[in-house]
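A.B. asks: coords please:
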Amino acid sequence: MKQSTIVTDSVWLEARLDLLKREKEFSRLQDQLTEERRNMPWRRIESEYELENSSGPCSLADLFGDCDQLLIYHFMFGPEWTEGCKICSMFTDSVSRMIPHLAERDVSLVLVSRGPLEKLQAFRKRMQWDVSWVSSLNSDFNRDFNVSFTEAESESGEASYNFRKGPVSAGESPGISCFAKNEEGEVFHTYSAYARGLENLMGIYRLLDIVPKGRDEQGLPWSMAWVNHRDQY
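C.D. replies: Numbering: from 1, shown residues only. Next up is the predicted model:
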């Protein structure tokens, strides 16, 4: 590890106070952005998606449970896959135990993947997660939310991911979407994020970003090539 400049206590404190001023400026800007995110307009969901959970067929509205707000993490697990995406698994590791806390604030969190339900349930058991996981194998849900792509779409460069068209990998991509339900039972899409927009949800990066080595991803084939399933390190 490369060692930084060594200074006296007083010089270190001066540098830290200077950085604190900029951190507070960033926090204020982040608060403003968060408010704008919450005030995004809504769009009504008209499609009747045919999903499947452990109890059988279910709708998008069913995933809310007793809550009026729903977070869906688009977990990468294709129909032919034998295990879930390592990065999506790292995200789920960090949020699985949050379910009761989210419910207290009127939020349900559900994973949705195109993999068959029996595969999802087996992997969920292996990873010991306390989170609902639903299969969208027999619906257009993943395609409508731009997280699943065919070979033809990948090769054409016309696939839409992260709100723009361009080259994508065939198969699955990650994302998160937020929904709200009114008293009439109507479901609305309020927000989605993809690609680096998901970093704010990755608690491990918030920790790595404050240690001297940081994310330490330089020289890797791609930034998150180091990630593995937690039972495989």
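A.B. asks: what's next to the lowest-mean-pLDDT helix or strand in the chain, contact-wise?
C.D. replies: Using mean pLDDT, DSSP states H and E, the weakest-scoring helix or strand in the chain turns out to be helix 151-156, at a mean of 84. Residues from elsewhere that reach helix 151-156 (CB atoms under 8 Å, 6 or more residues apart in numbering): A159, P167, V168, S169, A170. C-beta here means a position set from N, CA and C on the backbone, and glycine is covered the same way.
A.B. asks: Just the buried ones among the residues you listed, please.
C.D. replies: A159, V168 (16 or more other CB atoms under 10 Å).
A.B. asks: what two of the contacts of helix 151-156 have the greatest distance between them?
C.D. replies: Spanning the widest gap among the contacts of helix 151-156 are P167 and A170, at 10.3 Å by CB to CB.
A.B. asks: Which stretches in the chain count as strands?
C.D. replies: Using DSSP state E, the strands found in the chain span residues 43-44, 51-53, 56-58, 69-74, 107-113, 132-135, 148-149, 160-161, 164-165, 171-172, 175-181, 187-194.
A.B. asks: Just checking: what are the partner strands of the fourth one?
C.D. replies: By that I understand strand 69-74. strand 107-113 (parallel), strand 175-181 (antiparallel) (DSSP bridges).
A.B. asks: Buried residues, it. List them.
C.D. replies: Buried residues in strand 69-74 (16+ other CB under 10 Å): Q69, L70, L71, I72, Y73, H74.
A.B. asks: which residues does the fifth one contact?
C.D. replies: Taking CB under 8 Å, 6+ apart as the contact definition, Y73 lies against C88, F91, T92, V95, L109, V110, L111, V112, P174, G175, I176.
A.B. asks: Closest one of the buried residues of strand 69-74 to V211?
C.D. replies: For those, the nearest to V211 is Y73 (26.2 Å; CB to CB).
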